[in-house]
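>>> kindly generate the corresponding structure for this input.
(2 chains, ligands or ions: 1)
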Amino acid sequence: MTQPRSFRYVGTRPIRQDGAEKVTGRANFGADLSFPGMLWGRVLRSPHAHAKVVSIDTSAASEIPGVKAIVTSADLPEQRPGGDPTDMYDLTRNILAREKVLYEGHPIAAVAATSREIADRAVAAIQVEYELLEPVLDLDRAIAPDAPILHAELRCAGSDPKPEGPTNVASRILIERGDVERAFADADVVIEREFTTPTVHQGYIEPFACVARTTEDGQSTLWCCTQGPFTVRSLCAALLRIETSKIKVIPSEIGGGFGGKTTVYQEPLALLLSRKSGRAVKMVMTRQEVFRATGPASASRIRVKLGAKRDGTLTAAEASLAYEAGAFKGSPVVAGAMAMFAMYDLPSVRIEGFDVVTNKPKVNAYRAPGAPMATFASESVVDELAASLEMDPIEFRLKNAVRQGSVAVYGPKLKAVGLVECLEALRDSEHYRTPLSENQGRGIACGFWFNGNMQSSAQIHVNEDGTATVVSGCPDIGGSRASLALMAAEELGIPVEQIRPIVADTETIGYNDGTGGSRVTYATGTAVIEAARDIVLQLRQRAAAFWDTQLENVGYEDGKAIPLGDAAENQQPLPLSTLARRAARMGGPIVGRSTWTARGNGPSFAAHLVDVEVDPETGRVEVLRYTAAQDAGKAIHPSYVEGQYQGGAVQGIGWALNEAYFYDAEGHLQNASFLDYRMPVASDLPMIDTIVVEVPNPNHPYGVRGVGETSIVPPLAAVANAVQAATGIRFVDLPMSPPAVLAAIDRTRG
Amino acid sequence: MHDTRYEAPRSIEEAVIMLSSGSVDDVRVLAGGTDLLVQMTSGGRSPSLIINLKHIPELTRIRFDDSGALYLGAAANAFTIGQNERIRQQFPGLHEAVGLIGSDQIQGRASVGGNLCNASPAADTIPSLLTSKAVCHIAGPGGATRTLPVSEFILGPGRNALQAGELLVELELPAPAAHSADAYQRLIPRSEMDIAVVGVSVRVTVDNTGTCTDASVALGAVAPTPILVPEAAAALVGTRLEPADLERAAAAASAACRPLDDKRGTAEYRRRVAGVLTKRVAAEAAERARGR
Ligand SMILES: Cc1cc2nc3c(=O)[nH]c(=O)nc-3n(C[C@H](O)[C@H](O)[C@H](O)COP(=O)(O)OP(=O)(O)OC[C@H]3O[C@@H](n4cnc5c(N)ncnc54)[C@H](O)[C@@H]3O)c2cc1C
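Purely as a prediction, here's the structure:
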């Protein structure tokens, strides 16, 4: 692949195509669609964190005038256990509880009625008899020998010897490389620490919302906000045991997802209710329901041990991670284990991970799932190691940073990567040299994310006037439409303003895996480039036929088919617009297409630098200055790349400082609102400065690598390292909320 | 099915008649609605009648009388109060407290009367109303009126002294003495859109030697209601408000706390920070008072 190259449209910052309708409030989000005669669906949720469901009586509820349908788990077919990547046996139980309720907010039944109020009243009229069980609310309790068991059939996978009894530990994984014992013996300094992080939520602004409608022939349409319309379709089809072709999913605009909207919750219920009632059914979660019952991110406990030589060379790493999965197995502990040391050339590592079920909502992906908490632990210890060797924290990291050719801890030999460039950019920044005052501290941390691949397809339709429509199937959660349009403009050689990028429904475009894993600009972007090249080839073929010459005598430049060789003597260039206008006579409609299973998304590395001030009397931490440097490979639309860096940094700052789920002793969530679940607000933050490093990904035509997730990985440790620098105290438990910080300051003062 | 009726009376008399038509829970007045509507959507309240106060002139009026006393219409919005230069001059602490409520959007609606009537332990304006010795002017059925000091108006978390049919019309804040000033600060983990973990209002009056002749200290969010702390005030009176004096007031403030342990802050933390803020706010009020 030819690099570097110069670009005409890529790298510019045009106004996003979906911007005007969003800022004027006209964009249609999940809850914006309504139909005449539509019903409202509401969900009965468990008030208990752990209980047997003895009986469910819906008779009184069904008597209420206006109630049109009620569903319980009896309406969902039983599924077989196992299954990858989604265990349908677990999923159907998460959609509607069967034998047990496993967290406060666990759905038990759903009602469709002529108004939301009637549906709420009907929900309240459903009688459920519970047999209360002791809730398991943290890792310690979950693994205690006498712990209550969530799933009688659960056996620990990957444990040796084979387990006999039931357990709350769903699986154990081990990553091992080199001779760890000897490598620690070779180290001059060894530091070991244990860290904990709480359950946190993605905190997207738009609650889940959908409308389902089923016609008499059993054909269903589902409008919903989701990161993966095809995922929704396949999961719903499997849950309801109907053919995929019976469901059409139309994705709405989406008000944030961050990984949280990659599965289904109420969508299958809306479908069931619409099938049962024959009416359109709308369901919109409240914020409380979002907090209580949609995938948060795992709470974790992580032990890290790192050794280095006096010259700063890392010799060995050891870690043990336990992640809460919530009610059903499947925390991102493996990804955390693989990511936590991926920034460093480490010959010897041993990482053990445990996936543990607890009576909390089943976790779901959250931006670089699993990596932020593990990297909080590893990068805190790295910082401490650098300090104990009296080395500059950036120089220490540079000495050990992975480069092209390094064998990553998680396996592969790395191609070109940009970690060194990120660290150097911070080291050379004005920020790094600016002096600090009393009670202030500066912290740095690195981060890594794999970046996903999966399946993408795209189509480009050239319109009669020479404009074009770019059709993809990946919901736009981070400005991807603007990036896809830029890539199409680059290949077609027409202004980006003449390109309309759209996200199509599941019947209008071929299969696309969801928007996630920072994959869309890379994987779908490549498909768009290939689809555009498909068009360019067709245009050249048409010009060749018109000029009666060979294909190799037709080039393509700046939106025109160019005569080359013999043809150049007596032919004028043919613009795309002319070929489009004459399409009917020159071969028919011009459609480009491309489809593939992506393979080469390059990992993205980042380094973040942060200054904080700690109020020693109140423990309040203020973020004064922040710079995020990250490798984008190639920034297609730099504003949206920077936006990703900033957004991830902010979410990480929230995780570090104030966000946490608070449960009472019975497992009731105490802070299911944005008032008490303290995500940062704009006024909490300084400008998040960005440095876009561009070390091209050799596997993408323009060098793109995903950027959406890495940015949330470094901030937890960066902030903790800054707080350490300001207070002299190493914080190992998140969040570093004012009471926690003040208590620690008090302890060290004695 | 439950329907909610909405009325927008033009006079106090009209409003009081409507208010008398049902129980306190069934008929709610609406000032800014920034507490009421949130309570309704979260299922906490479902009144059958809502009475908007914003069309009653007396309720949104802000005026000073000849003595310099401030009469603050109960439904006047926080933004308008924030723009009022004389309030800022005379009641800088109350002005600060009002300026902290919510965000710009919330301030366009929220009122001091609503903040007081809602009677949250953490309400930001109540400590300032307490240290300024504010008095509630209340209208009742049949043209009845009565007054009640703010300290007696608040009965408990979410509970005030209004009877069925009664309306808070305005708040009277007596003109502060010469060389007197107040200040307010709160601690929140965030920088806005958050609920006070601790709020502290201090008013001090100094003589021309800089000695404190009068003081008042009130705390929010550390007890079931905002509280006056006479012991903290006493620690300031007669002193020159030196750091050691402020420390004594801080200790008294901490000792007076009867805080809850909850998701918003541990009891121990609230006690500590009540002291820290008392010290800081007293220093701020003292500096302002000396400058007058
Ligand atoms: C996003 C957000 C942020 C907020 N931030 C803060 C904050 O930082 N600090 C803070 O203290 N509060 C905060 N609040 C709470 C609220 O905004 C304040 O308490 C505000 O002052 C309430 O005023 P209001 O006019 O909106 O009251 P309303 O909601 O209209 O009324 C509140 C209650 O008082 C009753 N009431 C109102 N006026 C009268 C009257 N004249 N006579 C009799 N009864 C009356 C109402 O019936 C109702 O029960 C916040 C609220 C929101 C939604």
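>>> count of neighbours near whichever residue of the stretch 101-250 of chain B sits closest to chain A?
Residue nearest to chain A within the stretch 101-250 of chain B: residue B:191 (4.4 Å; C-beta to the nearest C-beta). (Glycine included, C-beta is placed from N, CA and C.) For residue B:191, the neighbour count with other C-beta atoms under 10 Å in any protein chain shown is 14.
>>> how far away is it from residue A:681?
Residue B:191 is 7 Å from residue A:681, where distance means C-beta to C-beta, to the nearest Å.
>>> what of residue A:274?
Relative to residue A:681, and taking C-beta to C-beta, residue A:274 is found at 38 Å.
>>> have a look at these two and say which one is more surrounded.
residue A:274 (27 against 16).
>>> tell me the contacts of that one?
Residue A:274 makes contact with A:39, A:112, A:212, A:213, A:214, A:220, A:280, A:281, according to C-beta atoms under 8 Å, 6 or more residues apart in numbering or on different chains.
>>> let's have these in TSV, adding pLDDT and secondary structure.
TSV is the format used below for the contacts of residue A:274 (pLDDT from 0 to 100; DSSP: H, G, I helix; E, B strand; the rest coil):
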residue	pLDDT	secondary structure
A:39	98	strand
A:112	98	strand
A:212	98	strand
A:213	98	strand
A:214	97	strand
A:220	98	strand
A:280	98	coil
A:281	98	strand
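>>> any idea which of the residues you listed is closest to residue A:435?
residue A:212 (59.8 Å; C-beta to C-beta).
>>> excluding chain neighbours, what is closest to the closest one?
Among residues not flanking residue A:212 along the chain, residue A:270 sits closest, at 3.7 Å (C-beta to C-beta, 6 or more residues apart in numbering or on different chains).
>>> quick check: the one you found is in a helix.
Yes: counting by DSSP: H, G, I helix; E, B strand; the rest coil, residue A:270 is part of a helix.
>>> can you report how many residues neighbour it?
Residue A:270: 29 neighbours (other C-beta under 10 Å).
>>> quick check: residues of chain B near chain A?
B:1-2, B:42, B:187, B:189-195, B:197, B:262-266, B:268-269, B:272-273, B:276-277 (C-beta under 8 Å from any C-beta of the partner chain).
>>> pLDDT score for residue 3?
Because you didn't say which chain, this covers chain A. pLDDT for residue A:3: 48.
>>> could you do chain B instead?
For residue B:3, the model assigns a pLDDT of 81.
>>> list the residues that contact it.
residue B:48.
>>> and residue B:148, what helix or strand is that in?
strand B:145-149 (DSSP states H and E).
>>> packing partners for the helix or strand that comes right after that strand?
Sequence-wise, the next helix or strand downstream of strand B:145-149 (DSSP H and E) is helix B:150-153. Other helices and strands packing on helix B:150-153, by 3 or more C-beta pairs under 8 Å, 6 or more residues apart in numbering or on different chains; DSSP states H and E, are helix B:126-131, strand B:135-139.
>>> low pLDDT regions in the stretch 101-250 of chain B?
Scanning the stretch 101-250 of chain B for pLDDT under 70 picks out nothing.
>>> backbone dihedrals for the residue of chain B found nearest the ligand, please?
The ligand sits closest to residue B:114 of chain B, with a gap of 2.1 Å, by C-beta to the nearest ligand atom. Reported as degrees, to the nearest 10, the phi and psi values for residue B:114 are phi -60, psi -40.
>>> now swap in residue B:166 and tell me
phi -100, psi 150.
>>> the residue nearest to residue A:212 and the ligand, how far apart?
30 Å (C-beta to the nearest ligand atom, to the nearest Å).
>>> contacting residues around that residue?
A:41, A:210, A:211, A:212, A:222, A:281, A:282, A:283.
>>> the stretch 101-250 of chain A: helices as residue ranges?
A:116-125, A:139-143, A:180-186, A:229-240 (DSSP state H, counting those that start in this stretch).
>>> among these, which is the most enclosed?
When those are scored by mean count of other C-beta atoms under 10 Å in any protein chain shown, the highest mean neighbour count falls to helix A:229-240 (a mean of 22).
>>> packing partners for it?
Checking 3+ C-beta pairs under 8 Å, 6+ apart, helix A:229-240 ends up next to helix A:88-95, strand A:220-224, strand A:247-251, helix A:267-277.
>>> would you mind finding the most buried of those?
By mean count of other C-beta under 10 Å, those have helix A:267-277 as the most buried, with a mean of 26.
>>> tell me the mean pLDDT over that one?
On average, helix A:267-277 scores 98.
>>> now the element after that helix, going C-ward?
That would be, after helix A:267-277 and using DSSP H and E, strand A:281-284.
>>> and that next one, what other elements does it pack with?
strand A:39-45, strand A:209-214, helix A:267-277.
>>> got those as JSON lines, with distance to residue A:74 columns?
Formatted as JSON lines, the helices and strands packed on strand A:281-284 follow (distance: least, C-beta to C-beta, whole Å):
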{"stretch": "strand A:39-45", "distance to residue A:74": "14"}
{"stretch": "strand A:209-214", "distance to residue A:74": "19"}
{"stretch": "helix A:267-277", "distance to residue A:74": "11"}
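>>> which SSE is immediately downstream of the longest strand belonging to chain A?
Counting residues, the longest strand found in chain A (DSSP state E) is strand A:314-326. Sequence-wise, the next helix or strand downstream of strand A:314-326 (DSSP H and E) is helix A:333-339.
>>> give me the contacts around that next one.
A:173, A:175, A:298, A:300, A:302, A:319, A:321-323, A:351-355, A:368-371, A:373-375, A:409-410, A:448-450, A:713.
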